[in-house]
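1. turn this into a structure:
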Amino acid sequence: MQKKQPKKPVSVHWKVRLTRANHKQFIARTLNIASRYLHIESEQNLKTGESIKVEIFALHEGVKKLLVAIGTVKSSVLLSTGTSYSITLSLDKVSDDDHQFVEAYIKARESLAIHR
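-> Numbers count the residues shown, from 1 in each chain. Sure, this is the predicted structure:
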């Protein structure tokens with residue numbers, strides 16, 4: 001029996017508000033998104049294993065939506081610019097509605113790549 005491969009992340013540039021456990025908030029931007037994974041660029045460094053509330057200001061097919069999730073930092077690497085970090089988050093808790101919105105966005109982006 002062959003294991004189902006996860007979908008590859010797709011490029012996306014949405015604003016993100018991150019809230020740390022101490023309730024400090026800051027703004028970042030998405031670079032890639034997948035079903036249960038988010039890659040962002042931020043001026044703030046986050047510790048691996050830290051739990052973060054993620055609010056994504058998404059736009060797809062004319063629909064604006066606030067996607068809310070709880071994520072865990074998997075990695076945080078200082079970029080060559082020296083002023084921002086590349087952060088990988090796993091999205092642990094996402095509502096079904098928000099998950100379906102992300103899946104629809106990924107499917108639309110994949111179909112665009114096929115038609116190129």
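
2. for the chain, give me the ranges with low pLDDT.
-> Along the chain, segments meeting pLDDT under 70 span 1-7, 113-116.

3. need the longest strand for it.
-> Using DSSP state E, we find that the single longest strand of the chain is strand 63-78.

4. next, the buried residues of that strand.
-> Neighbour counts using 16 or more other C-beta atoms under 10 Å place 65, 67, 69, 71-73, 76 of strand 63-78 among the buried residues. (Glycine included, C-beta is placed from N, CA and C.)

5. okay, now the sheet partners of that strand, with direction.
-> Strands that pair with strand 63-78, judged by DSSP bridges, come out as strand 51-60 (antiparallel), strand 85-94 (antiparallel).

6. adding mean neighbour count and distance to Ala104, write those out as CSV.
-> Formatted as CSV, the strands paired with strand 63-78 follow (neighbours: other C-beta atoms under 10 Å; distance: least, C-beta to C-beta, whole Å):
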stretch, mean neighbour count, distance to Ala104
strand 51-60, 18, 7
strand 85-94, 19, 14
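
7. closest one to Arg109 among those?
-> Nearest to Arg109 among the strands paired with strand 63-78 is strand 51-60; the distance by C-beta to C-beta comes to 9.3 Å.

8. could you measure from Ser80 over to Ser86?
-> Distance of Ser80 to Ser86, given as C-beta to C-beta, to the nearest Å: 10 Å.

9. er, Glu55 actually
-> 20 Å.

10. do the same with Gly71
-> 15 Å.

11. is Gln25 bridged to anything, and to what?
-> Thr19.
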